[in-house]
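K.L.:
Pasting the sequence and the predicted coordinates here, then a few questions.
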Amino acid sequence: MKATHGTAVDPGQGVSNGALPSSNEKPSGVEPPVLGGPEHSDYYLLDNLLTDEQRALRQKVRDFMNREVTPIINPYWERAEFPHELVPKLAQLGIAGFQIPGYGCPGMSNLTAGLVILELARGDLSISTFTGVHSALAMMSIALLGSEEQKQRFLPPMARMEKVGAFGLTEPAHGTDVVKLETTARRDGDSYILNGYKRWIGNATFADYVIIWARGDDGHVGGYVVEKGTPGFDAQVIKGKTALRCVQNAQISLTDVRVPAENRLAGVNTFRDTEKVLLASRFCVAWESIGAAIAGYETALAYAKQRKQFGMPLAAFQLIQYRLSRMLADITDMLCMQYRLSQLMDEGEYSMPRVALAKMHYTERARAILADARDMLGGNGILLDYHVARHLCDIEAIGTYEGTDTVQALIVGRDITGYNAFVPSVPSR
Ligand SMILES: Cc1cc2nc3c(=O)[nH]c(=O)nc-3n(C[C@H](O)[C@H](O)[C@H](O)COP(=O)(O)OP(=O)(O)OC[C@H]3O[C@@H](n4cnc5c(N)ncnc54)[C@H](O)[C@@H]3O)c2cc1C
């Protein structure tokens, strides 16, 4: 990335990354779509720390998002449909499985995986979420907690994205306190019989492998790979979402679902094992927030250079410059933090509080940046054509899944104070 500070943009040049809008044909002052542009957000030249391979992969993903996703995603988002046509194309990128080594997976470093996720999210948070659920939750569960035989069986087709994964942990009555999950897994001969309900499970309406977390006869939590078409498994899409509308989140009911014993993840003994997956995927979600924030900033900057009011580009006004500078400061802050966290992850110096701090901080900043960016586009800011509105809606869900911002703060708070503030004491009267 090369920073081009202070460069005025030719208003006629545009910064188009996709098709013209289907409606809204009347002149608006700035031709949509505006998503990103030649200006960049790498103000402290973090790119200098990357290898040529990392830069090339990042560019490949960025080009893919600009070419294949941006031009088609808005109608899918409006209709709340998942763009299945993109799955074979995403597979071609060879990114499924992110950091997982072997089994056809790319075995990226944490930083490389992060750069990929950032670019996916910069383009679209539904696509980054779909890929994240598949790779960082479903595949990572198998990679971290499966037996060798399970990895050999499940991971290669998932790496080729011929099989899609989902991760069923949350329940209708247990979100933040999912450690108390009530779905049961009863041993019956060579099988386990699953019963219960799951909620919000991304990709689950069409996934080939859904990892269901359930409590066994011993009271401990286990992970079970439920294969598509298993009788008693029913996944209904949750309708009316205002965020991540392309992601198919499901309410699942499990009625005497028989799962072969060899589909129980061999390395899961307690909920603590589940948390190993959540740590890895939370790190990925943190990158998503940065990607979305960059999309908001770059779009606002490009728009401000083109849109004129009072005879001058918005970019020439002091208050607009202040707001853009604040956005850039936040993005620079997040990138520096996350590059360092990626190093710590590679060195094995990771912990849930360290990852929670990142996820909490970036999601908060991304929400603020996207709200500001939307405002700076004026009325056009609420049009899907300009892309910021979609990101602004979608970031709301990023702040909730994988643990809300509040919960991340409680994880950090417990670490730095020594007090567990999760469960309040019951009043004595
Ligand atoms: C779009 C989307 C996709 C998702 N995808 C998946 C998926 O693929 N797989 C999966 O298993 N789950 C998934 N989830 C579930 C997600 O992880 C949960 O929604 C999340 O953990 C919060 O749980 P909840 O919605 O039940 O909220 P609740 O736990 O009911 O929380 C409600 C509010 O109470 C606050 N709160 C809770 N406990 C405390 C406390 N101790 N102190 C202070 N405040 C507290 C929360 O911060 C929140 O603000 C998804 C959710 C969404 C919205």
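P.N.:
Now that the structure is in, tell me what you want to look at. Here the structure is a predicted model, which is why all the values come from computation and not from measurement.
K.L.:
near the ligand, which residues of the stretch 101-250 of the chain show up?
P.N.:
Proximity of the stretch 101-250 of the chain to the ligand is assessed by CB under 6 Å from any ligand atom, with Val133, Phe167, Gly168, Leu169, Thr170, Gly175, Thr176, Trp200, Ile201, Gly202, Leu244, Asn249 identified as the residues in range. No exception for glycine: its C-beta is placed from N, CA and C like everyone else's.
K.L.:
let's see it at 8 Å
P.N.:
For the stretch 101-250 of the chain, the contact set with the ligand under CB under 8 Å from any ligand atom comprises 129, 133, 137, 166-170, 174-178, 198-204, 213, 241, 243-244, 247, 249.
K.L.:
Apply the buried test to the residues you listed and list what passes.
P.N.:
Buried positions within those, assessed by neighbour count (16 or more other CB atoms under 10 Å), are 129, 133, 137, 166-170, 174-175, 178, 198-204, 213, 241, 243-244, 247, 249.
K.L.:
Quick check: helices, which of the residues of the stretch 101-250 of the chain next to the ligand are part of them?
P.N.:
Among these, the subset assigned to helices under DSSP state H consists of Thr129.
K.L.:
hang on, Ala80 packs against Thr242?
P.N.:
No. Counting by CB atoms under 8 Å, Thr242 is not a contact partner of Ala80; they are 9.9 Å apart.
K.L.:
Between these two, tell me which one has more neighbours.
P.N.:
In this comparison of Ala80 against Thr242, neighbours counted by other CB atoms under 10 Å, the higher total goes to Ala80 at 18 against 10.
K.L.:
List phi and psi for the more buried one.
P.N.:
With angles defined as degrees, to the nearest 10, Ala80 shows backbone torsions of phi 60, psi 40.
K.L.:
The chain: strands as residue ranges?
P.N.:
Secondary structure of the chain, counting by DSSP state E: strands at 101-102, 105-106, 165-168, 184-188, 191-202, 209-216, 221-227, 233-237, 249-260, 308-309, 312-313.
K.L.:
Look through the chain and tell me its longest helix.
P.N.:
Residue-count comparison of every helix in the chain, with assignments taken from DSSP H, identifies helix 271-306 as the longest.
K.L.:
Would you mind listing what in the stretch 251-400 of the chain touches the ligand?
P.N.:
Proximity of the stretch 251-400 of the chain to the ligand (CB under 8 Å from any ligand atom) is limited to residues Ala397, Thr400.
K.L.:
closest point of the stretch 251-400 of the chain to the ligand, which residue?
P.N.:
Of all residues in the stretch 251-400 of the chain, Ala397 sits closest to the ligand, at 3.8 Å by CB to the nearest ligand atom.
K.L.:
Could you count how many residues lie near that residue?
P.N.:
20.
K.L.:
which non-adjacent residue is nearest the closest residue to the ligand within the stretch 201-350 of the chain?
P.N.:
For the stretch 201-350 of the chain, the residue closest to the ligand is Gly202, as judged by CB to the nearest ligand atom, at 3.6 Å. Using CB to CB, 6 or more residues apart in numbering and skipping residues adjacent in sequence, the residue nearest Gly202 is Val133, 4.3 Å away.
K.L.:
give the contact list for the one you found.
P.N.:
Contacts for Val133 were tallied using CB atoms under 8 Å, 6 or more residues apart in numbering; they are Gly165, Ala166, Phe167, Gly202, Asn203, Val247.
K.L.:
Could you export these as TSV, including pLDDT?
P.N.:
Compiled in TSV, the contacts of Val133 are given as follows (pLDDT from 0 to 100):
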residue	pLDDT
Gly165	98
Ala166	98
Phe167	98
Gly202	98
Asn203	98
Val247	98
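K.L.:
per-residue pLDDT, whatever residue of the stretch 51-200 of the chain ends up closest to the ligand?
P.N.:
Nearest to the ligand in the stretch 51-200 of the chain, going by CB to the nearest ligand atom, is Gly175, at a distance of 1.8 Å. In this model, Gly175 is scored at 98, pLDDT.
K.L.:
joint contacts of Ala80 and Thr242?
P.N.:
With contacts defined as CB under 8 Å, 6+ apart, no residue is adjacent to both Ala80 and Thr242.
K.L.:
what domains does the record give for the chain?
P.N.:
If the domains of the chain are taken from automatic domain parsing, they occupy 46-159, 165-271, 273-417, with pieces of a single domain joined by a plus sign.
K.L.:
coming back round to it: got the buried residues for the longest helix of the chain?
P.N.:
Within helix 271-306, judged by 16+ other CB under 10 Å, the buried ones are 271, 273-274, 276-306.
K.L.:
quick one: contacts of stretch 346-365?
P.N.:
Here stretch 346-365 makes contact (CB under 8 Å, 6+ apart) with 109-111, 275, 278-279, 282-283, 285-286, 289-290, 293, 330-331, 333-334, 337-338, 341, 344, 395, 398-399, 402-403, 405, 407-409, 411-412, 414-416.
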